[in-house]
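Participant: Structural data only, the sequence is not supplied:
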């Protein structure tokens with residue numbers, strides 16, 4: 001049985017796709033993840049990353065609407081975003097993501113879940129009309145999660161990793 005993400009991408013939807021008009025809203029990844037991908041995939045950063053800046057308003061809105069970690073993700077308003085080819089992530093193939101799971105950006109592994117603003121032990125679902133799992137259910141994390149099969153503990157480990165990466169990211173940029 002195919003997972004929900006594979007089915008989503010088969011029908012031309014999915015979180016790994018971004019229309020050119022949506023690229024300004026694309027989430028950034030942490031610089032340590034950039035280095036890890038480049039090293040383990042034996043490619044250059046320029047092969048898959050665009051370094052740009054985001055407006056203060058975008059950083060602040062993400063911090064307020066989603067989570068304070070966006071101050072770290074967009075530290076000094078700098079964003080490292082994955083390149084797209086034909087509106088899809090450069091690492092997306094017909095069979096899914098070509099990156100091994102252990103080096104896939106944390107954001108990619110946890111989407112559509114995210115730590116809640118009330119604290120990292122709480123989970124929220126980032127609302128997305130692209131996510132087939134959400135269109136088949138509600139925004140309740142437990143109901144949406146039935147399509148992914150993640151344990152609460154697994155997500156907590158990834159949230160903790162995200163916090164460590166945020167600290168390393170800031171160290172790199174300062």
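Facilitator: Yep, that arrived. The model shown is predicted, which means the values in this text are computed figures rather than measured ones.

Participant: which stretches of the chain have low pLDDT?
Facilitator: Counting by pLDDT under 70, the ranges of the chain that qualify are 1-3, 12-14, 18-25, 119-120, 135-139.

Participant: what's the host helix or strand of residue 123 packed up against?
Facilitator: Per DSSP states H and E: residue 123 is located in strand 119-125. With contacts taken as 3 or more Cβ pairs under 8 Å, 6 or more residues apart in numbering; DSSP states H and E, strand 119-125 sits against strand 113-116, helix 141-145, helix 152-173. Heads up, the C-betas are built off the backbone N, CA and C, glycines and all.

Participant: So which of those is the most surrounded?
Facilitator: strand 113-116 (a mean of 20; mean count of other Cβ atoms under 10 Å).

Participant: Just checking: what are the partner strands of that one?
Facilitator: For strand 113-116, the paired strands and their directions (DSSP bridges) are strand 119-125 (antiparallel).

Participant: what does the strand it pairs with contact?
Facilitator: 66, 112-117, 134, 139-141, 144, 152, 155-156, 159-160, 163 (Cβ atoms under 8 Å, 6 or more residues apart in numbering).

Participant: just the helices in the chain please.
Facilitator: 4-10, 31-41, 56-65, 70-73, 106-110, 132-135, 141-145, 152-173 (DSSP state H).

Participant: can you redo these as JSON lines with distance to residue 125?
Facilitator: Formatted as JSON lines, the helices of the chain follow (distance: least, Cβ to Cβ, whole Å):
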{"stretch": "helix 4-10", "distance to residue 125": "13"}
{"stretch": "helix 31-41", "distance to residue 125": "23"}
{"stretch": "helix 56-65", "distance to residue 125": "13"}
{"stretch": "helix 70-73", "distance to residue 125": "17"}
{"stretch": "helix 106-110", "distance to residue 125": "11"}
{"stretch": "helix 132-135", "distance to residue 125": "7"}
{"stretch": "helix 141-145", "distance to residue 125": "5"}
{"stretch": "helix 152-173", "distance to residue 125": "11"}
